[in-house]
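**Student:** Structure, please.
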Amino acid sequence: MRRTSPILSATLDCLSAVAPKTRFFDKQLSTLQFLIAHGRLPEMRPLLNDALFRIKTSDEILRPERVFTSDKELAKEFIRQRIDERHVVPSLAVLRSKQEIRDFTFPQRCVIKPTHTSGDVVLRHGGERVDMAKILGWMDKNYYRSWREVNYRYLAPKIIVEPFVFDADTADDMKIFCFRGKARVIHWDFDRGSAISRMLYTRDWQPLDASLKYPVATKQKARPANLDAMIEAAECLASPFDLVRIDMYTNDVDFHVGEITHVAGNATNPFLPPSAEERVSALLFVEDPPGTQT
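**Tutor:** I've put the predicted structure just below:
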């Protein structure tokens with residue numbers, strides 16, 4: 001895996017903080033992020049990270065549907081309208097100010113995260129002390145300023161509180177990359193919260209012996225019993241977008257849609273092994289992937 005030096009990361013953070021907040025500088029910084037992550041410049045070829053980079057740095061990322069569904073609260077309304085309420089992760093509370101956060105009594109067991117950033121979460125398993133400083137700090141955070149994903153720039157800061165999905169400490173996490181409304185590539189995570197590993201699969205659950213960012217899993221996951229239902233829901237949600245990732249949780253019986261991700265990994269997650277990039281991308285962008293013909 002390509003590793004970024006702390007000095008280089010700090011320099012990039014500094015540049016992101018001081019560079020003007022314009023689309024021109026967004027693209028220059030995004031190009032630098034891409035170069036550091038992949039050791040090359042983005043190209044026009046049909047490769048996953050390059051396609052994500054093009055979405056991020058073009059007006060496509062400003063489409064109202066992409067901005068709307070980048071907000072974790074509003075995305076739930078989109079999911080309700082396109083599939084149904086049963087597959088939406090319930091909300092216990094949405095807190096819209098620092099005072100509401102201070103006044104709120106957080107459940108003994110809950111998931112706490114901002115609606116306007118990516119990757120931030122607090123898991124309260126059983127009455128542990130709530131890190132109020134961290135949660136209040138999220139209200140001042142603008143994810144765009146760090147990663148220049150402009151779809152996050154004007155999202156209202158809010159904190160959403162949810163139950164643990166299926167009341168499991170670590171629910172099985174499956175993400176489906178869809179291109180032109182069809183599920184193409186799926187990734188499954190093993191051992192989230194500890195020694196995470198990942199495997200990419202085809203839509204008909206053939207392992208691709210490849211991963212993104214994390215080590216390639218050596219474990220096997222049987223085909224989820226409800227895979228067909230999950231693919232059907234993912235394709236319904238993905239239909240307004242050319243390329244998008246639908247993030248889901250499943251217990252093999254039921255599923256919930258967690259988020260809709262427009263620039264997965266900020267277009268900086270490398271393929272493992274590197275040779276898998278072209279092979280997996282070819283499956284993702286093929287016109288008629290196996291199993292989609294009617």
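
**Student:** Give me the buried stretch members for the helix or strand of the chain with the lowest mean pLDDT, please.
**Tutor:** Among the helical and strand segments of the chain, the one scoring lowest on mean pLDDT, DSSP states H and E is helix 6-18, with a mean of 81. Applying a neighbour-count criterion of 16 or more other CB atoms under 10 Å, one finds 12, 16 buried in helix 6-18. C-beta coordinates here come from the backbone N, C-alpha and C atoms, glycine included.

**Student:** So which elements touch that helix?
**Tutor:** For helix 6-18, the elements it packs on are helix 23-38, helix 143-147, judged by 3 or more CB pairs under 8 Å, 6 or more residues apart in numbering; DSSP states H and E.

**Student:** Reformat the ones you listed as JSON lines; add mean pLDDT, mean neighbour count and distance to residue 181.
**Tutor:** As requested, the helices and strands packed on helix 6-18 are exported to JSON lines (pLDDT from 0 to 100; neighbours: other CB atoms under 10 Å; distance: least, CB to CB, whole Å):
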{"stretch": "helix 23-38", "mean pLDDT": "96", "mean neighbour count": "17", "distance to residue 181": "26"}
{"stretch": "helix 143-147", "mean pLDDT": "93", "mean neighbour count": "18", "distance to residue 181": "27"}
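
**Student:** between the ones you listed, which one is nearest to residue 263?
**Tutor:** helix 143-147 (8.4 Å; CB to CB).

**Student:** how about the CA coordinates for that closest one, as CSV?
**Tutor:** Written as CSV, here are the backbone C-alpha positions of helix 143-147 (Å, rounded to 0.1, in the frame of the first residue of the first chain):
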residue,chain,number,x,y,z
TYR,A,143,-15.5,18.8,5.4
TYR,A,144,-15.0,20.8,2.1
ARG,A,145,-12.2,22.8,3.6
SER,A,146,-10.0,19.7,4.1
TRP,A,147,-10.9,17.6,1.1
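
**Student:** Would you tell me what the next helix or strand after that helix is?
**Tutor:** With elements assigned by DSSP states H and E, the helix or strand that comes after helix 143-147 is strand 159-162.
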